[in-house]
Structure formats: C-alpha cells, structure tokens
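In: Provided below are the primary sequence and the corresponding predicted coordinates.
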Amino acid sequence: QVQLVESGGGLVQAGGSLRLSCATSQRTFSAYDMAWFRQTPGKERVFVATVGRSGGSAYYSDSVKGRFTVSRDNAKNTLYLQMNSLKPEDTAVYHCAARFGVTRDPTLYDYWGQGTQVTVSS
C-alpha cells in the first residue's frame, strides 16, 4: 500500500504561483510513475501532468502546458507541481497518484492522495 499526502494548496490571486507537494514514506517511491490530476465538484478527475520514475518523460495537459512544471525528488520521496500564471479555471482539488507505467487515464492509477484545494481568485 502506498500512502500519498498532498500539501501546498491555498488561495491565490490570478497570475500568482503555488507549489504543490506529494509526499510518501514509501521507500520504493522511485519505482512508481507519478501524476497529478484535478477535480471540481460534480466532475471527474482530469489529467494535469505526469512524470516518469527517473524524473524524465514529463507530459502535460494542453490547459497547463507552459505554466505548470512537474518534478520529483526520489531522495526525498516527494513529487512536486509548480504552478505559475494561475487562472481562475485552475481552481480545483489537486490529487497525486502513483502506478507502474505512465498514462493520462485516472482509472488506471492504483494509489491516490486525499487531495489539496487550490482556489484562484479573479
């Protein structure tokens, strides 16, 4: 069982920045491919970004490409999402997820964090 804990969410004005973290005590963190998804009330989780086990192979949704950067520190067992130039439409609960293999399909992820709320005011 992989336990994931997100942090770093909050309220920010449009144009601002936030850095989300996703930490685990799992020593095999480096064996997992990781991703960020976001969810708004009444809607399904939507892919944001994914990163491979070594930190390479990063992919982004078109809506965040050029503004968000996904990274990981395997020595600290932590995944990050740097979010710049935030827009009101980025408001959502952001979840990290882990699995073996890179994919944008949320139904294929085995482990999820509880999420952290990001609210962007106009």
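Out: The structure has been received and is ready for your questions.

In: check which helix or strand the residue nearest to the spatial centre of the chain maps to.
Out: With the centre of the chain defined as its mean C-alpha position, the nearest residue by CA atoms, centre = their mean is Trp36, 2.6 Å away. Taking DSSP states H and E as the definition, one finds Trp36 inside strand 33-39.

In: and that strand, which residues are buried?
Out: Residues of strand 33-39 classed as buried by neighbour count (16 or more other CB atoms under 10 Å): 33-38. Where you see a C-beta, it was placed from the backbone N, CA and C, and this is true even at glycine.

In: can you redo these as JSON lines with pLDDT?
Out: As requested, these are exported to JSON lines (pLDDT from 0 to 100):
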{"residue": "Asp33", "pLDDT": "95"}
{"residue": "Met34", "pLDDT": "97"}
{"residue": "Ala35", "pLDDT": "98"}
{"residue": "Trp36", "pLDDT": "98"}
{"residue": "Phe37", "pLDDT": "98"}
{"residue": "Arg38", "pLDDT": "98"}
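
In: what about the residue nearest to the centre of the chain, distance to Ser17?
Out: Trp36 sits 15 Å away from Ser17 when distances are taken as CB to CB, to the nearest Å.

In: quick check: closest non-adjacent residue to Asp90.
Out: The spatially closest residue to Asp90, leaving aside those adjacent along the chain, is Val120, at 5.1 Å (CB to CB, 6 or more residues apart in numbering).
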